[in-house]
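S.K.: generate coordinates for the sequence data below:
(chains A and B)
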Number of protein chains: 2
Amino acid sequence: MKERLVRLIEAMMAGNVRALARLISFVEDRQEGWKDAMKSIYGTTGHACVFGITGSPGAGKSTLTNEIAKRLLRREHTIGIIAVDPSSPYSGGALLGDRLRMRDICTDRNIFIRSMATRGVLGGLCQAARDVARILDAAGKDVILIETVGVGQDEIEVVSASDYVMLVTCPGQGDGIQAIKAGVMEIADLFVVNKADKDGADELASEISAMLDLSTEMEVKKQSVIKTSAVTKEGLDDLVENLEGFLNEKKSGSKRVRDQVRQEILSIMEREIVGILRERIMSNGRLEGALDLVMADRSDPYTEVDEMLSGYSLMEHLKKTEEGDKP
Amino acid sequence: MKERLVRLIEAMMAGNVRALARLISFVEDRQEGWKDAMKSIYGTTGHACVFGITGSPGAGKSTLTNEIAKRLLRREHTIGIIAVDPSSPYSGGALLGDRLRMRDICTDRNIFIRSMATRGVLGGLCQAARDVARILDAAGKDVILIETVGVGQDEIEVVSASDYVMLVTCPGQGDGIQAIKAGVMEIADLFVVNKADKDGADELASEISAMLDLSTEMEVKKQSVIKTSAVTKEGLDDLVENLEGFLNEKKSGSKRVRDQVRQEILSIMEREIVGILRERIMSNGRLEGALDLVMADRSDPYTEVDEMLSGYSLMEHLKKTEEGDKP
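M.R.: Purely as a prediction, here's the structure:
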């Protein structure tokens, strides 16, 4: 590993905030040596507890994350926040707004906030978020909050990579329950009904509890439903105490950890192999050639992919290499 | 291609609805011969116009899709609807509700509705939705509506694969604009402010128009903002006329089509190669072996992936094969 990178990692471990930010960018951009950096810090990680915070847009996740972070800071935790933001050219204003709302915490030395774009992340947002969480872990943060903006499949995968998942809803969003139907209920460890000062919060909390009761046959874990309000501050301390409960029980649960590491290995590998293949077929002109044929109605995408891949005999190559490996 | 599959495709092309449903399942499940089926129908496709409908949960997308479909039917279009639903074990009720709201249209011979799960789709929802749209196109549907439940990264990719994208919002969802900040504004061709009978619809429409005006320097296309209400029926005919406008202009725009086909080729290819690699490392025990090392703190995921992939010398293999190809 290059001398400069070694020094960067040392500075990061020593608590240098600029070094932390630079290392994250270094890994995110896949600069040469990024993997060596991840390998060298990996052994120091595994101590942080990662919470995924998801829910529909407008449910108040940013504000809630802010309130949680403030309370965790007071309880002497060190905190990393990963805000998975879209990199829409339109969204600058709205995002700035979010970050402004966080201005009372973002100057604290014990907190580090990082925004991540959902677009243009080579080969998967989920692995990119995992990498950043690992680095924050190595930097000594003991609680990492991953906040997503939307609640789609990719966001679900991002929070699935967390140790615990918090689903944030609020009253007045269409059909209430419909707003949280998007495949997230079964991955949530904790339900938050935010904006509890508004009408309909009690009904929404009851609806969620009823749904959870219905599902106890499927799931063993018992999830809590907590009502919170950033206006009246109702429920916030209660919520943070719940999170601390998770912190304490985290060290167990090795089955879940093994599953997560398996996913991590697979996703790192997929990202690598897709990168290798894309580079090849884009640089050798095969892709544009195939495209020409399809556009001229002389072929179709399925045939072209078959042609490109069968030429490489990948499965045969993999098997043969494995056999050659044997002594 | 097997005799049975040929007959299934013939029946589908002749308008048999059960054959259409069976062919979709056949391709979705990747049953043997699925790719032959796609190749054989590909040449007959390219006539349908595909609209992606996205927006936050609770914005009324299902109801709106229903209203649009009814009006398009009256104008003698044939319609395919792909509802990209989460396959949450909890969501049965809510989804059934959606489909019930559609009951007045779903018995019509000229419409075909298909739900797609967002989970467990091997290698990507986006390609799976593309496959289904292709089949509906081959079956002679001239308008295909792809409706997503959430508004996350994956949903954005799904609707990006459409010819045109409609973004549905409604008043009363948190911060209004915040609700649509999730990276979708720049891909939308048409903005719908639904539930226009509710307070705040005019303000929301103005906000969106203002944002679009701000962005005219970046984008050439001029997008419309239409207010609709399923209660008062306001704006629905206007919306459908707009969609018909897109239908007429569809045949041009070959640049966009080329980009989409390029994406299609890449995503089919990635799905294939990831499948091949997963099968190998899962069947030969390497994955669990690597996992054991990582769990015992004797290695890390990055090192293990390097080990697995470097053994295969993929890049070298790809290059060598290409050189061998040359005459």
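S.K.: name the element the residue nearest to the spatial centre of chain A belongs to?
M.R.: For chain A, A:V158 is the residue whose C-alpha lies nearest the centre (C-alpha atoms, centre = their mean; 3.3 Å). Assigned by DSSP states H and E, A:V158 belongs to helix A:153-160.
S.K.: just to revisit the earlier point, could you report the pLDDT at the residue nearest to the centre of chain A?
M.R.: pLDDT for A:V158: 73.
S.K.: what are the phi and psi angles of A:R298?
M.R.: The phi and psi values for A:R298, taken as degrees, to the nearest 10, are phi -100, psi 0.
S.K.: right, I mislabeled it, should have said A:D297
M.R.: phi 60, psi 30.
S.K.: tell me the spacing between it and chain B.
M.R.: Going from A:D297 to chain B by C-beta to the nearest C-beta, to the nearest Å gives 7 Å. For every residue, glycine as well, the C-beta is placed using N, CA and C.
S.K.: contact partners for the residue nearest to the centre of chain A?
M.R.: By C-beta atoms under 8 Å, 6 or more residues apart in numbering or on different chains, A:V158 lies in contact with A:52, A:54, A:84, A:125-126, A:129, A:146, A:148.
S.K.: just those now: which is nearest chain B?
M.R.: A:L125 (6.2 Å; C-beta to the nearest C-beta).
S.K.: what count of nearby residues applies to A:L236?
M.R.: 19 (other C-beta atoms under 10 Å in any protein chain shown).
S.K.: swap that for A:A128, please
M.R.: Neighbours around A:A128, by other C-beta under 10 Å: 24.
S.K.: where does it fall, secondary structure wise?
M.R.: Assigned by DSSP H and E, A:A128 falls in helix A:125-138.
S.K.: kindly export that helix (C-alpha atoms) in PDB.
M.R.: Presented in PDB, the C-alpha positions along helix A:125-138 are these (Å, rounded to 0.1, in the frame of the first residue of the first chain):
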ATOM      1  CA  LEU A 125     -25.600   1.700  -3.700                       C
ATOM      2  CA  CYS A 126     -25.900  -1.000  -1.100                       C
ATOM      3  CA  GLN A 127     -22.200  -2.000  -1.200                       C
ATOM      4  CA  ALA A 128     -21.200   1.600  -1.300                       C
ATOM      5  CA  ALA A 129     -23.200   2.300   1.900                       C
ATOM      6  CA  ARG A 130     -21.600  -0.800   3.500                       C
ATOM      7  CA  ASP A 131     -18.100   0.500   2.600                       C
ATOM      8  CA  VAL A 132     -18.800   3.900   4.100                       C
ATOM      9  CA  ALA A 133     -20.300   2.300   7.300                       C
ATOM     10  CA  ARG A 134     -17.200   0.200   7.600                       C
ATOM     11  CA  ILE A 135     -15.000   3.300   7.400                       C
ATOM     12  CA  LEU A 136     -17.000   5.100  10.000                       C
ATOM     13  CA  ASP A 137     -16.800   2.100  12.200                       C
ATOM     14  CA  ALA A 138     -13.000   2.000  11.800                       C
END
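S.K.: for that helix, packing partners?
M.R.: Where contact means 3 or more C-beta pairs under 8 Å, 6 or more residues apart in numbering or on different chains; DSSP states H and E, helix A:125-138 is packed against helix A:3-13, helix A:17-28, helix A:34-42, strand A:79-85, strand A:111-117, strand A:143-148, helix A:153-160, helix A:254-283.
S.K.: and A:E207, that's in a strand?
M.R.: No: using DSSP: H, G, I helix; E, B strand; the rest coil, the assignment for A:E207 is helix, not a strand.
S.K.: quick check: which ranges of chain A have low pLDDT?
M.R.: A:85-108, A:117-125, A:150-155, A:174-186, A:214-222, A:250-256, A:325-327 (pLDDT under 70).
S.K.: just to revisit the earlier point, the residue nearest to the centre of chain A and A:V274: what is the separation?
M.R.: 18 Å (C-beta to C-beta, to the nearest Å).
S.K.: and A:N66, how many neighbours?
M.R.: A:N66, neighbours per other C-beta under 10 Å, totals 24.
S.K.: just the buried residues of the helix or strand containing it, please?
M.R.: Assessed by DSSP H and E, A:N66 sits inside helix A:61-74. By neighbour count with 16 or more other C-beta atoms under 10 Å in any protein chain shown, helix A:61-74 contains the buried residues A:61-73.
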